[in-house]
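Q: Just to be clear, the model below is a prediction. Sequence and coordinates:
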Amino acid sequence: MTQRMLLIIDPAALAPAPAAPLRWPMRRGSLSALRRLSDRGIQPALAGGKHPNPSIASLLDQEGIVPADPESDEWKGQPLEQMRVGMEPGGDLVLTNASGDASQTPAYAVTPATSDADAGTAADSGKTTISSQKAESTPTGSPVRETFAEWADLAAWLLNARRTASRSRKTAETDISVRVNLDGTGKSHIDTGIPFYDHMLEQIARHGYMDLDITCRGDLEIDEHHTIEDTAIVLGEAISEALGDKRGIGRYGFAVAMDETRSLVAIDLSGRPWCVFEGTFRREKVGDFPTEMTSHFFHSLAMALKATLHVSVKGENDHHQIEASFKALARCLRQAVDRNEHYLDILPSSKGML
């Protein structure tokens, strides 16, 4: 299996916690966690190259776990993400990445190396500046410092809960910041200056079980078009970035009924942008949201997300039609981005890429 991370472990993190009985030489759950991580492409490594306790070294060997020496010629300098595990004085495990703050690291933890945070910038048509911060799962992203009581919790976090991304976009028309956590709980903070639009974006978070933080300052004195369109673009870019290589995802999704309204949304995170919207509205606006911008939102999102998106909605109440469409999108996204533990390293494509 291709390795995608080097997990550098301080020897103390494999020893029993201070309050644990000393009948067993290793910390409870560490062996099974290391096996699980190894199976998913995360290579355990030991600070110093080997464990000083012969009993622990023997147990690792018996279980077929061969820790790497991060300073050896074989591993040094490889383009792998590096995370580090140490133990706090109270016994909790502490996980940091290469850009973690050394001043925050406890004495018993491995001191992480430092690196400059990575931020990309690009110019667009002379007036647009687009910047992005990498997801926290990259060594040049935001500093990571997490603590865990057990190795099982640490392993679960590494495997499942780090699909985050931040994107920002500033033009002469809008100034937008979006942060997304695909493995969140539905929390959101939305402020676009268009209350009904905020309400719809909140549906994506709540019913898609992802955390969203979206702020936009747009030229609403002109109209709502730029704010709605550009927010959809940046949201699509952020979700796409958080998906990473898309291994293990469901890829497809569909669903929502809302009173007299039925909305059917189908999505394919294919890397091929396309959008079909079928629906008509009777009103010019719902609240402060122009109904004509509904289809434009889905189109802009699909192009930025590089997804195939089909939306069909029928009903009598325009508020219900728009809300049902956003809720159905949320459920589709949840199904499509969800990962199954049994095929975390499998790309759902016969082409070999998405």
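A: Good, I have the coordinates. Residues are numbered from 1 along each chain as shown.
Q: contacts and neighbour counts: CA atoms only from here.
A: Fine.
Q: Residue 33: what's it in contact with?
A: Residue 33 is in contact with 151, 152, 155, counting by CA atoms under 8 Å, 6 or more residues apart in numbering.
Q: any weak-confidence spans in the chain?
A: 1-4, 19-23, 98-143, 160-162, 341-345 (pLDDT under 70).
Q: okay, which residue is most central for it?
A: Nearest residue to the geometric centre of the chain (CA atoms, centre = their mean): residue 163, 1.6 Å.
Q: Now do that residue against residue 238, distance only.
A: 10 Å (CA to CA, to the nearest Å).
Q: My guess is residue 255 contacts residue 333. True?
A: No - in this structure residue 255 lies outside contact range of residue 333 using CA atoms under 8 Å: 10.1 Å.
Q: Could you check which of these two is surrounded by more residues?
A: Ranked by neighbour count (other CA atoms under 10 Å), residue 255 and residue 333 place residue 333 first, with 28 against 20.
Q: To which secondary structure element is the more buried one assigned?
A: In this assignment (DSSP states H and E), residue 333 forms part of helix 318-337.
Q: Mind giving me the packing neighbours of that helix?
A: helix 195-208, strand 252-254, strand 257-258, strand 261-268, strand 308-314 (3 or more CA pairs under 8 Å, 6 or more residues apart in numbering; DSSP states H and E).
Q: Adding distance to residue 79 and mean neighbour count as columns, could you present these in JSON lines?
A: Shown next, in JSON lines, are these (distance: least, CA to CA, whole Å; neighbours: other CA atoms under 10 Å):
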{"stretch": "helix 195-208", "distance to residue 79": "33", "mean neighbour count": "21"}
{"stretch": "strand 252-254", "distance to residue 79": "31", "mean neighbour count": "21"}
{"stretch": "strand 257-258", "distance to residue 79": "48", "mean neighbour count": "16"}
{"stretch": "strand 261-268", "distance to residue 79": "31", "mean neighbour count": "22"}
{"stretch": "strand 308-314", "distance to residue 79": "32", "mean neighbour count": "21"}
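Q: Nearest to residue 286 among the ones you listed would be which one?
A: helix 195-208 (7.5 Å; CA to CA).
Q: Can you show me the CA trace of the next helix or strand after the closest one as CSV?
A: Counting by DSSP H and E, the element after helix 195-208 in chain order, helix or strand, is strand 211-218. This file holds the C-alpha atoms of strand 211-218, laid out as CSV (Å, rounded to 0.1, in the frame of the first residue of the first chain):
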residue,chain,number,x,y,z
ASP,A,211,-19.5,22.4,9.5
LEU,A,212,-19.5,25.7,7.5
ASP,A,213,-18.2,29.1,8.3
ILE,A,214,-19.0,31.5,5.5
THR,A,215,-18.7,35.3,5.4
CYS,A,216,-19.3,37.5,2.4
ARG,A,217,-19.2,41.3,1.9
GLY,A,218,-20.6,41.9,-1.5
